[in-house]
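Participant: Build me a model:
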Amino acid sequence: MMINNALNIGIQGIQDGMQGMEGAARRIARGGADGPRGSAEGGNSLVEPIVDLKLYERSVEASAQVVKTADETLGTLLDIRA
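Facilitator: Purely as a prediction, here's the structure:
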């Protein structure tokens, strides 16, 4: 049952990361429209969503590795039982 739990956690992590990436991509696509033009806030408005996008990408990669490891473990256990 722990492998099933790991799979669920990994899949949930992938889903959460993908949602975060979509949100960051939307903010990037707006191209800094959130802040006033010419202000320091408006000029740096792309930095945070780009960093967020990279962080969510790493989160998805880590979660995918969890799923892969759980899958390999389950495969090994099935091979042993067979």
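
Participant: Walking through the chain, point out its strands one by one.
Facilitator: Using DSSP state E, the strands of the chain do not appear at all; there are none.

Participant: which residues of it score low on pLDDT?
Facilitator: Residue ranges of the chain with pLDDT under 70: 1, 32-44.

Participant: now the residue most central in space within the chain: how far from Asn5?
Facilitator: Relative to the mean C-alpha position of the chain, the nearest C-alpha, by Cα atoms, centre = their mean, is the one of Gly17, at 2.5 Å. When Cβ to Cβ, to the nearest Å is the yardstick, Gly17 and Asn5 sit 19 Å from each other. From N, CA and C alone the C-beta is placed, and that goes for glycine too.

Participant: ok, now Arg27?
Facilitator: For Arg27, the distance to Asn5 equals 33 Å [Cβ to Cβ].

Participant: Name the residue in the two with the higher neighbour count.
Facilitator: When neighbours are counted by other Cβ atoms under 10 Å, Arg27 and Asn5 differ, and Arg27 comes out ahead with 19 against 10.

Participant: Spit out the contact partners of Met2.
Facilitator: Residues near Met2 by Cβ atoms under 8 Å, 6 or more residues apart in numbering: none.

Participant: do the same with the one 10 residues further on
Facilitator: Applying Cβ under 8 Å, 6+ apart to Gln12 gives the contacts Ser63.

Participant: again, but for Leu74
Facilitator: The contact partners of Leu74, by Cβ under 8 Å, 6+ apart, come to Ile3.

Participant: how close does Leu55 sit to Arg81?
Facilitator: The value you get for Leu55 to Arg81, if Cβ to Cβ is used, is 39 Å.
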